[in-house]
Structures are given as structure tokens and as C-alpha cells.
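Undergrad: Next input, structure requested:
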Amino acid sequence: MTPGQRDHIRNDVLPKWKGLPSDRQRAIQQRLGVLQNMPESARNRHLNDPMFTRGMNDEDRQMLRDLSHEHVGAPEHP
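TA: Below is the predicted model of the structure:
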């Protein structure tokens, strides 16, 4: 990960993650588990599949995208 990508995760994504209710965190974590170790093309197909992201709001979808493209797992609970 580049320094800019790390900064984005640290300064933008992580604070939002900490403010999410636990059920939304779990939904994102479950999807990240599916996307883990997938080639970029397969990951993008899943992220663009409305069935894969069904039940998620736009903010959750963006967080899922950010975390999956940065190849990081879901942040740990504090």
C-alpha cells in the first residue's frame, strides 16, 4: 500500500468504520471475506453485482470498495 493509500484508510475509512453499528460492520466483514484473495477482475464483478451488495447503503458499498481495493481486511474491533 502506498503512503497515500494508508493515509486514506487511516484518516477517512477507519473513523467511519468505528462509527458504524456492529451489524453493518459484520455485513462488510462478511463480504470482505468473500472478496479476499480474488483477482481484481473477479473482485470488481462482485462489487458491481447488486445481489452481492444487496441490503447495503451507498456508504457501506463505498467502504467495502475502499477496503477491498486496498487489499486490507476489515478493521479489528477496538
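
Undergrad: and the residue most central in space within the chain, what helix or strand is that in?
TA: In the chain, the centroid-proximal residue (Cα atoms, centre = their mean) is Leu64; its distance is 2.3 Å. Per DSSP states H and E, Leu64 falls inside helix 58-69.

Undergrad: For that helix, give me every contacting residue.
TA: Taking contacts as Cβ atoms under 8 Å, 6 or more residues apart in numbering, the residues outside helix 58-69 that touch it are 8-9, 12-13, 16-17, 20, 24, 27-28, 31-32, 35, 43, 47, 53, 56, 73-74. C-beta: built from backbone N, CA, C; applies to glycine.

Undergrad: Tell me the buried residues in it?
TA: Buried residues in helix 58-69, counted by 16 or more other Cβ atoms under 10 Å: Asp60, Arg61, Met63, Leu64, Arg65, Asp66, Leu67, Ser68.

Undergrad: Strands along the protein, start to end?
TA: Counting by DSSP state E, the chain has no strands to list.

Undergrad: Helices along the chain, start to end?
TA: 3-8, 14-19, 22-35, 40-47, 58-69 (DSSP state H).

Undergrad: Send me stretch 42-58 as CSV with only the CA atoms.
TA: Extracted C-alpha coordinates of stretch 42-58, given in CSV (Å, rounded to 0.1, in the frame of the first residue of the first chain):
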residue,chain,number,x,y,z
ALA,A,42,-13.4,-11.0,-10.1
ARG,A,43,-13.5,-8.6,-7.2
ASN,A,44,-14.8,-5.8,-9.4
ARG,A,45,-17.6,-8.1,-10.8
HIS,A,46,-18.7,-8.9,-7.2
LEU,A,47,-18.6,-5.3,-6.2
ASN,A,48,-20.7,-4.3,-9.2
ASP,A,49,-23.2,-7.1,-8.6
PRO,A,50,-26.4,-5.8,-6.9
MET,A,51,-27.1,-9.2,-5.4
PHE,A,52,-23.6,-9.2,-3.7
THR,A,53,-24.2,-5.8,-2.1
ARG,A,54,-27.9,-6.2,-1.5
GLY,A,55,-29.1,-4.6,1.7
MET,A,56,-26.1,-2.3,1.9
ASN,A,57,-26.4,1.5,1.6
ASP,A,58,-24.2,3.6,-0.6
